[in-house]
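**Q** Attaching a predicted model along with its sequence, questions to come.
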Amino acid sequence: MATPTAVHPEDVREVHRRFVTGVTLVTVDDGGTPRGLAVNAFSSISLEPPLVMVCVQRTSSTYPALLRSEHFAVNILAADQVGVAGVFASKAPDKFASIDWSRGPNGAPLIGGCCAAIEVRNRERLQASTHTVFIGRVVHAQHSDAPPLIYRSGAFFDPARLTPLHP
């Protein structure tokens, strides 16, 4: 059996930077205080039942609240919400002070103006090295026609300015 060769972490980072993703904010109610962080590791798992997953680094200040929460929200930012993305990518002590938000039907903070948002019942927490994979069942969903904010290689993009390609 061949011994695997080591992959340089910077090479892996550069591969990840090539991946285009939407910009999501994971938000949670922490005993009446809203908490949240920007997360690009978000994915649908299934529609029947409706399951999603997010990966969160254990050093995040939001991590303890998310770990003990019954519900959390995934907010998909709209193209005009670059400023909101900046707030949530920061270490600001109160990320909700300057943005529009409300509580969803299950108490998780929903960010106003997003192109889509879901509330999720926290079902499973899987430890994966420096991160935890949170798997949850979607219990509330809402969306608008606003285009999503797109992220790639450290930059934000508006999909309205991109040219669609057809096979």
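**A** Ah, there it is. Numbers count the residues shown, from 1 in each chain.

**Q** all helices of this protein, in order?
**A** 9-17, 63-68, 82-89 (DSSP state H).

**Q** Which of the ones you listed sits closest to residue 100?
**A** With CB to CB as the criterion, residue 100 lies closest to helix 82-89 of these, at 8.9 Å. (C-beta placed from N, C-alpha, C; glycine too.)

**Q** Outside of stretch 46-62 itself, list whatever touches it.
**A** 24, 26, 28, 35-37, 39, 41-45, 63, 66, 72, 74, 91, 118, 120, 123, 128, 130-138, 141 (CB atoms under 8 Å, 6 or more residues apart in numbering).

**Q** Filter these down to just the buried residues.
**A** 24, 26, 28, 35-37, 39, 42, 63, 66, 72, 74, 118, 120, 131-132, 134, 136-138 (16 or more other CB atoms under 10 Å).

**Q** quick one: which of these sit in strands?
**A** Under the assignment DSSP state E, the buried ones among the contacts of stretch 46-62 contribute 24, 26, 28, 35-37, 39, 42, 72, 74, 118, 120, 131-132, 134, 136-138 to strands.

**Q** what stretches of the protein score poorly on pLDDT?
**A** 1 (pLDDT under 70).

**Q** Would you mind measuring from the closest residue to residue 157 other than its chain neighbours to residue 66?
**A** The shortest distance from residue 157 to any residue other than its chain neighbours is 4.2 Å, reached at residue 150 (CB to CB, 6 or more residues apart in numbering). As for residue 150, its distance to residue 66 is 25 Å (criterion: CB to CB, to the nearest Å).
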